[in-house]
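# What shape does this take:
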Amino acid sequence: MKRLTPHLRFMQAGILCLALLISRTSAIPQFSTAAIHLSVDTSENNHPISPYIYGLNFADPALAAELHLPINRWGGNATTRYNWENDTSNRTSDWFFENIPNDNPHPENLPNGSSSDQFIEQNRQSGTQTLLTVPLIGWTPKNRGVSCGFRVSKYGQQQSVDPWQTDCGNGIRTNGSPVTGNAPDDTSKVINPNFVQSWINHLKSRYGSAAQGGVRFYNLDNEPMLWNSTHRDVHPNPTSYDELRDLTYAYGATIKAADPGALTFGPVEWGWTGYFYSALDEAPGGAWWNSPQDRLAHRNQPFVEWYLAQMLAYEQAHGVRILDYLDLHFYPQANNVALSNVVDANTKALRLRSTRALWDPTYTDESWINEPVNLIPRMRAWVTTFYPGTKIAISEYNWGALGNINGGLAEAEVLGIFGREGLDLATLWGSTSSSDPWAYAFRIYRNYDGAGSFFGETSVQATSTDPSSLSIFASRRAGDGALTLVVINKSTGLQNAAISVSHLLLGSAAQVYRYSSANLKNIVRLPDQPLTGLGLSDQTFPVESITLFVIPSASIPVSGNYHSYLPLTLR
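So this is what the prediction gives:
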């Protein structure tokens, strides 16, 4: 028999694939009797998944290495008043407004070897980018020593004091009134953009510029619309629209001048009201939202919209983009969800439902917000309208119960949503033990087999007929063309469902990995599941489980001048 040339064999393989595709698109028999059906279409809604959505704040170094962590944030209230020169931060209202020097084995070498230097070096060891918070507030600890903003010996008795530093009070008098008129220089000294410029020059001298692999990402401070609360010992006046714009102009321009390759994040707002109003609006108390003085003085334009428009105006006037990411924080406001360990049946269900606030315009937030949040699409619409080209980030979020499987399910859902909805960057706040369920949710996406295998980099369309019970997220992996699926059982019972896959010629079997309440310390490799021409027939999903399927695409070996294997994937 005459041997086929490589070109003829390739043509024959293509004809075979077209025949298979035609047969699949003709009358297809049902292959599931389950009440829920999961569908994946690899030809629809394809877009890149940013690796930076899998980020943390102050990550454990070992976990960062295990996850090949893309981004690690140096953030939070204490970073607003961190002095990189003496390695000291003020712990704000979180801890009695105290200046506390960071542990440092060689303070004589400062500023070299500071905690921020160590943080960056830790990130470099795991190939992780740093998101570094720089101060805009105008004050920083004046020296490397313990001091506090509201000393009892100076300002009188207060409602509570630091049990280890009993002269440091919480700034609230015994009658419940706040201490006012204190001296900011009890703890702090005045700084300006030169302080940040010097810091960046220090970082460049140690690690190179952003373009050379140095620090690339900078937060423009942290939750400025709360400064008159969290940092009221130095910033008692409520932040206004104009103040934050002017600070962003000054410090953003300084960062870009010091390191043109750096990328900036703002306004780093705390939550819902901070998206629409300023602290000055809220200052009168009562029903302040009926007459928001600052917003009305700015044509009644919601704060984030106005802020983005001001950043565009700066670029148009100066030819320099000083804001690269719209960065907002989001903590679900429903009772006992965010930053909570409450896991009664009602709260568990609420925690999982409330993830819809990230994307669902039909979901009315079950909190005092009492309207659709629709956060990621809302953010995208804001930047499209008011400052095109700006990326979107959520540098703090937390759905609570991180040490419970319920919080693990919520975290897996949130990470799936971030990828599907096209968020550009996110960093979880409040992560604790790397052996807790939240960390296994990250492992499902970043290292599910302990050998570095990961969820794909291209999101594809995946739908569920009952997403409140079973949700599904799908992606394609570039290296091997595999289709990766994450299915989360959020219901209170075992679920059965088939998974149909269209516009992809499938291999013979899918790998299956599962994390569940049955084994909270491991992602378990299950037996491979056979693939039909349609996908996966009925699968069983245990209560409180996250299941990952890795579905290879079909390949036909060829020879000659072609690659050893040619994936026959039809899009």
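
# C-alpha only now, for contacts and for neighbours.
Fine.

# any idea which element the residue positioned nearest the centre of the chain lies in?
Geometric centre of the chain, nearest residue: Ala426, 1.7 Å, by C-alpha atoms, centre = their mean. Per DSSP states H and E: Ala426 is located in strand 425-428.

# Can you give me the buried ones in the helix or strand containing Gln529?
Assigned by DSSP H and E, Gln529 belongs to strand 519-530. By neighbour count on 16 or more other C-alpha atoms under 10 Å, the buried set for strand 519-530 is Leu520, Asn522, Ile523, Val524, Gln529.

# Kindly state the domain boundaries assigned to the chain.
29-47+455-567, 50-145+187-446, 150-184 (automatic domain parsing).

# you'd agree Gly271 is up against Phe330?
Yes - in terms of C-alpha atoms under 8 Å, Gly271 counts as a neighbour of Phe330; the distance is 5.3 Å.

# circling back to that earlier point, other residues contacting the strand holding Gln529?
405, 435-437, 440, 444, 448-449, 508-516, 536 (C-alpha atoms under 8 Å, 6 or more residues apart in numbering).

# How far away from the center of its chain is the helix or strand just after that strand?
Remark: after strand 519-530, the chain's next helix or strand is strand 535-541, criterion DSSP H and E. Offset of strand 535-541 from its chain centre (C-alpha atoms, centre = their mean, to the nearest Å): 31 Å.

# Please identify the pairing partners of strand 535-541 and their relative orientation?
strand 495-502 (antiparallel) (DSSP bridges).

# Identify each buried residue in the strand it pairs with, please.
By neighbour count on 16+ other C-alpha under 10 Å, the buried set for strand 495-502 is Gln495, Asn496, Ala497, Ala498, Ile499, Ser500, Val501, Ser502.

# can you give me the strands in the stretch 51-200 of the chain?
For the stretch 51-200 of the chain, the strands defined by DSSP state E, counting those that start in this stretch cover 55-57, 71-74, 82-83, 88-90, 98-101, 129-134, 139-141, 147-148, 188-190.

# Those strands into TSV, with extra columns for mean neighbour count?
Conversion of the strands of the stretch 51-200 of the chain to TSV gives the following (neighbours: other C-alpha atoms under 10 Å):
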stretch	mean neighbour count
strand 55-57	25
strand 71-74	25
strand 82-83	26
strand 88-90	28
strand 98-101	24
strand 129-134	24
strand 139-141	27
strand 147-148	25
strand 188-190	17
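
# Quick check: which of those is nearest to Ser545?
strand 55-57 (22.4 Å; C-alpha to C-alpha).

# Enumerate residues external to the closest one that contact any of its residues.
69-75, 396, 425-431.

# Partner strands of it and their direction?
As assigned by DSSP bridges, strand 55-57 forms pairs with strand 71-74 (parallel), strand 425-428 (parallel).

# Next secondary structure after the last one?
Proceeding N to C from strand 425-428, the next assigned helix or strand is helix 437-446, under DSSP H and E.

# what about this protein, any weak spots by pLDDT?
Within the chain, the ranges that satisfy pLDDT under 70 run 1-33, 555-571.

# Could you list the buried residues of stretch 469-481?
For stretch 469-481, a neighbour-count test (16+ other C-alpha under 10 Å) marks Ser469, Leu470, Ser471, Ile472, Phe473, Ala474, Ser475, Arg476, Arg477, Gly481 as buried.

# List the contacts of the closest residue to the first one other than its chain neighbours.
It refers to Ser469. Spatially, and ignoring its direct neighbours in sequence, Ser469 is nearest to Ser491 (4.6 Å; C-alpha to C-alpha, 6 or more residues apart in numbering). By C-alpha under 8 Å, 6+ apart, Ser491 lies in contact with Ser468, Ser469, Leu470, Val543, Glu544.

# returning to what we had before: strands - which of the buried residues of stretch 469-481 land there?
Leu470, Ser471, Ile472, Phe473, Ala474, Ser475, Arg476 (DSSP state E).

# Turn those residues into CSV, columns for distance to Glu108.
What follows is those, written out as CSV (distance: C-alpha to C-alpha, whole Å):
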residue, distance to Glu108
Leu470, 57
Ser471, 54
Ile472, 54
Phe473, 51
Ala474, 52
Ser475, 51
Arg476, 51
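
# that older thread, with Ala297 as the reference, name the closest of the strands of the stretch 51-200 of the chain.
Of these, nearest to Ala297 by C-alpha to C-alpha is strand 139-141, at 27.8 Å.

# The closest one pairs with which strands, parallel or anti?
strand 188-190 (antiparallel).

# Determine how far the partner strand lies from the middle of the whole chain.
The answer for strand 188-190 is 32 Å, by C-alpha atoms, centre = their mean.
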